[in-house]
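**Student:** build the 3D model from these lines:
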Amino acid sequence: MKKTIVPVFISFCVIAAFSCNDATKPAEEPTPDTTTSNLPAPAPAVAALPSDSTGLTEKYWKLTEINGKPVKPDSTFMKEPHVIFKTAENQVNGNGGCNGFGGQYELKSPNRIKVGNLISTQMACPALDIENQFTKALEAADNYFVIGDTLVLNKAKMAPLARFVRVTMQ
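**Tutor:** Residues are numbered from 1 along each chain as shown. Purely as a prediction, here's the structure:
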């Protein structure tokens, strides 16, 4: 039994050693330049992660329109409805007028966005209609664009879900 195991083991090692070579790749021909022929090949390029070249992040975006209707300040609002997309850990936070909210967002090129995992305070407020529409619009949006001081969130090619104006934070 031992006499058959050793040759099988050696055969296995030989096959394993030769299978490491990629037979589908043509052999590289040596070049006359000996100064670079022994250098390792350059590392393959790593795809860059989408970045915010549009000016979306780190800005205070005041909600001005939701589902095609202007947002008018209400005396019951504790704060103006707004959103801020933070670059740190892709966090989004803001206020719907009464309740604060926070969550995550993801940017993809070109101008694609996904907002999710939104959580909110649960204060009893007299008027929650705008706030509810606002958070639904954030979660439904799949694309956006920024033109000057205006941010628009959209779903596919439908009418804008929400429109914002940039406000300088003080």
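
**Student:** what comes up buried for stretch 116-123?
**Tutor:** L118, S120 (16 or more other Cβ atoms under 10 Å). For glycine as for every other residue, the C-beta is placed from the backbone atoms N, C-alpha and C.

**Student:** all helices of this structure, in order?
**Tutor:** For the chain, applying DSSP state H gives helices covering 2-19, 129-140.

**Student:** ok, of those, where does mean pLDDT dip lowest?
**Tutor:** Mean pLDDT is lowest for helix 2-19 among the helices of the chain, at a mean of 49.

**Student:** tell me which helix or strand of the protein sits lowest on mean pLDDT?
**Tutor:** helix 2-19 (a mean of 49; mean pLDDT, DSSP states H and E).

**Student:** who's the closest residue to V83 other than its chain neighbours bridged to?
**Tutor:** Leaving aside its sequence neighbours, V83 sits nearest to G94 (Cβ to Cβ, 6 or more residues apart in numbering; 3.7 Å). When assigned by DSSP bridges, G94 has beta-bridge partners V83, F101.

**Student:** ok, the closest residue to A140 other than its chain neighbours - contacts?
**Tutor:** Closest residue to A140 apart from its sequence neighbours, by Cβ to Cβ, 6+ apart: K155 at 5.1 Å. Listed by Cβ atoms under 8 Å, 6 or more residues apart in numbering, the contact set of K155 reads A140, A141, D142, N143, L161.

**Student:** would you mind giving me the confidence score for P73?
**Tutor:** 78.

**Student:** for E80, grab the count of nearby residues.
**Tutor:** 17 (other Cβ atoms under 10 Å).

**Student:** show me where pLDDT drops low in this protein?
**Tutor:** 1-53, 169-170 (pLDDT under 70).
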